[in-house]
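K.L.:
With the sequence up front, the predicted model follows.
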Amino acid sequence: EEPRFIHLTYRPKGEPQKRICLVGNGVTFDSGGLSLKTSQGMEDMKVDMSGAAAVISAMAAIAELGSDHEIHAVAACCENLVSGRAYKLGDVLIAMDGTTVEINNTDAEGRLTLGDAITYARTKIEAQEIYDFATLTGACMVALGPYTAGVMSDHDGLIKPFLAAAERAGEDIWRLPLNARLQEQLKSNVADMRNTGDRFGGAITAGLFLKTFAKDTPWVHIDLAGPASVQVA
């Protein structure tokens, strides 16, 4: 299926207090690309669009409930498949903001689309706050199990009210440290950074990768890899 970039906007009747952007990972099927997943690992990969589904659903709720803020939802939707045009290991991609990224794992595709979506939110929408939602890493499930989402940010003023809202709503969320020392894992000899780090701390290095694109805009990253697949009884 051809890729689509979705941008939804809610504007209040009066002067908005803030401009907020919700960014959703929208990989509608993830084969892993040339870093091909196993058949078992691929079976449920329709779920990789759960971040996009979350932000689009949130906009439906906001339209019904109303808000004092101007709210945008952005989702870069595509498939990650194998073909003669598939991106390759060793490729260097140029992101929307000019950042160069060396590809050392084609199965870490979501962060590439999210990076550009975050740049779009920052530069085109000029969002004052950005929240991204993604089924981003299996490493987050290794750390927290299948029921708990990991959340990362270096803006305490943003993440603390977010965690409080999650607790009120009954959402199972745990804050992970956005440890800058792990940035070393993303170093590349041929580009500004690689798209993945080492095995240890994989959820955090993914968060550090995305932070590169958020720059100074207050930003929160939510890794939904576990709870996106939870079946509610």
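P.N.:
Received the coordinates, thanks.

K.L.:
Please name the bridge partners of Trp174.
P.N.:
Legend: beta-bridge partners of Trp174 under DSSP bridges are Gly150.

K.L.:
so the spatially most central residue of the chain bridges to which residues?
P.N.:
Centroid-nearest residue in the chain: Ala134, 4.0 Å away (criterion: Cα atoms, centre = their mean). As for beta bridges, Ala134 partners with Asp223 under DSSP bridges.

K.L.:
What confidence value was assigned to it?
P.N.:
If you check Ala134, the pLDDT there is 98.

K.L.:
Equivalent analysis for the one 5 residues further on, please.
P.N.:
Ala139 carries a pLDDT value of 97.

K.L.:
I'd guessed the residue nearest to the centre of the chain sits against Gly26; true?
P.N.:
No: contact criterion Cβ atoms under 8 Å: Ala134 and Gly26 do not qualify, at 9.2 Å. For every residue, glycine as well, the C-beta is placed using N, CA and C.

K.L.:
residues shared between the contacts of those two?
P.N.:
Both Ala134 and Gly26 are in contact with Gly51, where contact means Cβ atoms under 8 Å, 6 or more residues apart in numbering.

K.L.:
ok, so what distance separates the closest residue to Asn179 other than its chain neighbours from Tyr147?
P.N.:
Among residues not flanking Asn179 along the chain, Ile204 sits closest, at 5.8 Å (Cβ to Cβ, 6 or more residues apart in numbering). Ile204 is 19 Å from Tyr147, where distance means Cβ to Cβ, to the nearest Å.

K.L.:
can you pull the contacts of Asp91?
P.N.:
Asp91 makes contacts with Glu102, Ile103, as judged by Cβ under 8 Å, 6+ apart.

K.L.:
Next, it: phi, psi?
P.N.:
phi -60, psi 150 (degrees, to the nearest 10).

K.L.:
Next, count neighbours for the nearest residue to Phe133 once chain neighbours are set aside.
P.N.:
The shortest distance from Phe133 to any non-neighbouring residue, by Cβ to Cβ, 6+ apart, is to Gly51 (3.9 Å). Neighbourhood size, Gly51 [other Cβ atoms under 10 Å]: 28.

K.L.:
Correct me if wrong: Gly51 contacts Asn25.
P.N.:
Yes: applying Cβ under 8 Å, one finds Gly51 in contact with Asn25, separated by 3.6 Å.

K.L.:
Identify the contacts common to these two.
P.N.:
Contact criterion Cβ under 8 Å, 6+ apart; residues shared by Gly51 and Asn25: Ala75, Gly110, Asp132, Phe133, Ala134, Thr135, Leu136.

K.L.:
measure stretch 141-158 end to end?
P.N.:
24 Å (Cα to Cα, to the nearest Å).

K.L.:
Need the residues that contact that stretch.
P.N.:
129, 140, 159, 162-163, 166, 171-178, 202-204, 207, 211, 218-227, 229-230.

K.L.:
Show me which residues of stretch 116-135 are buried.
P.N.:
By neighbour count on 16 or more other Cβ atoms under 10 Å, the buried set for stretch 116-135 is 116-122, 125, 127-135.

K.L.:
Output the below-cut-off pLDDT ranges for the protein.
P.N.:
For the chain, residues meeting the criterion pLDDT under 70 lie at 231-233.

K.L.:
What ranges does it have for its helices?
P.N.:
Using DSSP state H, the helices of the chain run over 39-42, 50-65, 110-123, 138-144, 156-169, 202-214.

K.L.:
Turn those helices into JSON lines, columns for distance to Pro16.
P.N.:
What follows is these, written out as JSON lines (distance: least, Cβ to Cβ, whole Å):
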{"stretch": "helix 39-42", "distance to Pro16": "42"}
{"stretch": "helix 50-65", "distance to Pro16": "12"}
{"stretch": "helix 110-123", "distance to Pro16": "15"}
{"stretch": "helix 138-144", "distance to Pro16": "33"}
{"stretch": "helix 156-169", "distance to Pro16": "17"}
{"stretch": "helix 202-214", "distance to Pro16": "21"}
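
K.L.:
Since that was my last question, I'll sign off now.
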